[in-house]
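**Student:** Could you look at this predicted model? Sequence included:
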Amino acid sequence: MASKQTRRSISVRGTTYSQLRDFCAQHDRSMSDVVEELLGRILDSGAPPAKTKTVAPVVARAHRPEPRPAPEVDRAAVRVDPRPAPAPAPVAKVAPRPAPSPVRPGPARPVPVASAGRPAPTPAAKVDGTQRPKHGQGDYRAIRF
């Protein structure tokens, strides 16, 4: 692998990338070659490229006709029904559930003391293998800091 990176990446819109890929496939060229050639024309000319604003393409839409005004209505000829609107149909009620039967208390069972929770820890002195062996006076393992 080379010790110095000689290639870089750039970001383009998805549509631009698709068009470039299609163009390169039609002309049997690599995308890098086409981009480098076009950038070389811009950068080697010495003149700065004309700054243009990127504008999204106009989306073609179907023609929408102008809204027509509502036809004139003779207000004297319109009769309003003075009766109130009918009441909405009653909603079917769900029968209430019967109250649950009370829980009958069973015989009181005493809770054994041993199962009342977590057992007490065993002291380390009672567990085998936790005692440090006694070493001689000249033994380096007997040094305490």
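**Tutor:** That came through fine. If you're wondering where the values come from, they're calculated on a predicted model, not measured in any experiment.
**Student:** mind listing what residue 59 touches?
**Tutor:** Residues near residue 59 by Cβ atoms under 8 Å, 6 or more residues apart in numbering: none. (Each C-beta comes from the backbone N, C-alpha and C, glycine too.)
**Student:** Tell me the secondary structure of it, please.
**Tutor:** Put simply, residue 59 is coil when judged by DSSP: H, G, I helix; E, B strand; the rest coil.
**Student:** Then residue 65?
**Tutor:** At residue 65, secondary structure determined by three-state DSSP is coil.
**Student:** Do you know the pLDDT at residue 143?
**Tutor:** You'll see residue 143 listed with a pLDDT of 70.
**Student:** count of neighbours near it?
**Tutor:** Residue 143 has 7 neighbours, counted by other Cβ atoms under 10 Å.
**Student:** ditto for residue 34
**Tutor:** Other residues lying near residue 34 total 14 when counted by other Cβ under 10 Å.
**Student:** That one against residue 23, yeah?
**Tutor:** Yes: counting by Cβ atoms under 8 Å, residue 34 touches residue 23, with 6.9 Å between them.
**Student:** what is the mean pLDDT for whichever strand or helix holds residue 33?
**Tutor:** Secondary structure from DSSP states H and E places residue 33 in helix 31-44. For helix 31-44, mean pLDDT rounds to 86.
**Student:** Buried ones in that helix, by neighbour count?
**Tutor:** Judged by neighbour count using 16 or more other Cβ atoms under 10 Å, helix 31-44 contains no buried positions.
**Student:** Mind giving me the packing neighbours of that helix?
**Tutor:** Packed against helix 31-44 by the contact rule (3 or more Cβ pairs under 8 Å, 6 or more residues apart in numbering; DSSP states H and E) you find helix 14-27.
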